[in-house]
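# could you work out the structure for the sequence below:
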Amino acid sequence: MDFNLFSSANFQWVFFGSLLLGFANGVIGSFVLLKKQSLISDAMAHAALPGVCLMFIIFEIKSIPLFLIGATITSLIATHFIQSIVKHSRIKTDAAIGIIISVFFGFGIVLLTYIQQNSSGNQAGLDSFIFGQAASLVRSDVQLITIGSLILVIVTTLFFKEFKISIFDPQFARGIGLPVSFFNGLLLALVVGAVVIGIQMVGVVLIAALLITPPLAAKYWTEKLGMMALLAGIFGAISGVSGAVLSSVINDLPTGPMIVLCASVIFFFSLLFGSKKGMAVKVVRQL
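Okay, here's the model as predicted:
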C-alpha cells in the first residue's frame, strides 16, 4: 500500500472527483429507481463500451472527450433500440434490455479484442473502461468527471420539483402545464451523463450499480423523496470515495468492484438497521 498517494495533487483530484461522482449518481438514481428505469441505466452503461472502442479505432488516439462522445452516442442508440423493440413488438421491456445489453457489450468486447491484437501498444488503458481504474486517471480526466458531476447535481437540484411531479403524477403535471415529455427526456439525458462520465472510474459493467444501490439503501431510512435523494447522494459519495481510495492505495485493484462492494455494505447495513424498513428494526417493533 502506497500511503504517499494521499499527498499527491492528482490523488486529491481523484478523491473529490469520486465524491462528486458518487453523490451525483445517488441523487439521479433516486429518480431512476422511482421511475423503474434502473435496468435501462444498466443497458446504457454496457452500450458505452463499443462507443469508446469505435472512437479509438477511428481516430487512433486516447482522448477522453472523444471517448465520452462515442459512449454517449452508442448509449443513446441502445436506449432508442430498447424503446423501439418494446413499441413495435410483443417483447417486454426487461427482455428487450437483456437483448440490447448482450448485443452491445458483446460488440464492445469484440472491438476491444480487435484493438488489442492490431494496435501498436497505444491502446494501453482501454481495458480499464470495463471495471474502472482510478489509478489510471490523470488530472484532466478527473477534472472532467468533477465538472460533469457538479453540472448533473446542479441541474437535478434546479428541476427537483418538476422531476418529482412528473414521476409521481404525470397527468397532474400535464394539467398544470408542465412539459412531462421534456422532463422525462431531461432525466434520461442526466442518466446518460452520469453513466458516461463515470465509466472510466467505475467501469461500464458496474456503473449502473452506483445509480441503483445507494437509492435502495436510502429507502430504508426515509419515505420522503427529498431526504431519500440526499441520503442516496451521501451513500454514493461514501461508496465512491472508499472504492477510489482503496483501488488507488492497493496496486492492481479495479475501482468499480471496490465502489460497488462499499455501496453493497451500506445497503446491507440499511437493510438490517434502517429506521423505516430495516429488518432488525421490524423485529424489535414486533416484540
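# what about the helices in the stretch 1-150 of the chain?
9-34, 38-59, 64-88, 93-118, 128-131, 139-158 (DSSP state H, counting those that start in this stretch).
# next, Leu271: phi, psi?
phi -60, psi -40 (degrees, to the nearest 10).
# 131 is where my numbering starts, stick with that
Taking 131 as the first residue, the last one we looked at is Leu401.
# I figured it hits Val411, correct?
No. Taking contacts as CB atoms under 8 Å, Leu401 lies outside contact range of Val411: 10.4 Å. In short, each C-beta sits where N, CA and C put it, glycine included.
# ok so, going back, of the helices of the stretch 131-280 of the chain, which is nearest Leu341?
Closest of those to Leu341 is helix 139-164, at 3.8 Å (criterion: CB to CB).
# return the list of helices and strands in contact with the closest one.
helix 168-189, helix 269-288, helix 290-298, helix 310-332, helix 337-348, helix 355-379, helix 385-403 (3 or more CB pairs under 8 Å, 6 or more residues apart in numbering; DSSP states H and E).
# so how far is the shortest one off the chain centroid?
If I follow you right, that is helix 290-298. Put simply, helix 290-298 sits 21 Å off its chain's centre (CA atoms, centre = their mean, to the nearest Å).
# next, the buried residues of that helix.
Glu292, Phe293, Lys294, Ile295, Ser296, Ile297 (16 or more other CB atoms under 10 Å).
# from the residues you listed, which is closest to Gly366?
Distances from Gly366 to these, taken by CB to CB, are shortest for Phe293, at 17.2 Å.
# the closest residue to the closest one other than its chain neighbours: how many residues sit nearby?
Excluding the flanking residues, the one nearest Phe293 by CB to CB, 6 or more residues apart in numbering is Phe161, at 5.4 Å. Residues near Phe161, counting by other CB atoms under 10 Å, number 25.
# how about low-confidence regions in the chain?
131-137, 140, 249-255, 265, 382 (pLDDT under 70).
# returning to that earlier point: distance to Val379 added to the helices of the stretch 131-280 of the chain, as a markdown table?
Formatted as a markdown table, these follow (distance: least, CB to CB, whole Å):
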| stretch | distance to Val379 |
| --- | --- |
| helix 139-164 | 9 |
| helix 168-189 | 26 |
| helix 194-218 | 23 |
| helix 223-248 | 27 |
| helix 258-261 | 17 |
| helix 269-288 | 16 |
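# of all these, which one is nearest Tyr350?
helix 139-164 (12.7 Å).
# give me the buried positions along the closest one.
Neighbour-count burial for helix 139-164 [16+ other CB under 10 Å]: 140-141, 143-164.
# pretty sure Met388 contacts Ser372?
Yes. In this structure Met388 lies within contact range of Ser372 using CB under 8 Å: 7.3 Å.
# starting at the chain centroid, how far to stretch 379-392?
The answer for stretch 379-392 is 15 Å, by CA atoms, centre = their mean.
# may I have it as PDB, with CA atoms only?
The C-alpha trace of stretch 379-392 is given here as PDB (Å, rounded to 0.1, in the frame of the first residue of the first chain):
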ATOM      1  CA  VAL A 379      -3.500   2.600  -2.500                       C
ATOM      2  CA  ILE A 380      -3.700  -1.100  -3.300                       C
ATOM      3  CA  ASN A 381      -1.900  -2.000  -6.500                       C
ATOM      4  CA  ASP A 382      -3.900  -3.500  -9.500                       C
ATOM      5  CA  LEU A 383      -7.200  -3.300  -7.700                       C
ATOM      6  CA  PRO A 384     -10.000  -2.200 -10.100                       C
ATOM      7  CA  THR A 385     -12.100   0.700  -8.800                       C
ATOM      8  CA  GLY A 386     -15.500  -0.300 -10.000                       C
ATOM      9  CA  PRO A 387     -15.800  -3.500  -7.900                       C
ATOM     10  CA  MET A 388     -14.500  -1.800  -4.800                       C
ATOM     11  CA  ILE A 389     -17.000   1.100  -5.200                       C
ATOM     12  CA  VAL A 390     -19.800  -1.400  -5.600                       C
ATOM     13  CA  LEU A 391     -18.700  -3.500  -2.700                       C
ATOM     14  CA  CYS A 392     -18.600  -0.400  -0.500                       C
END
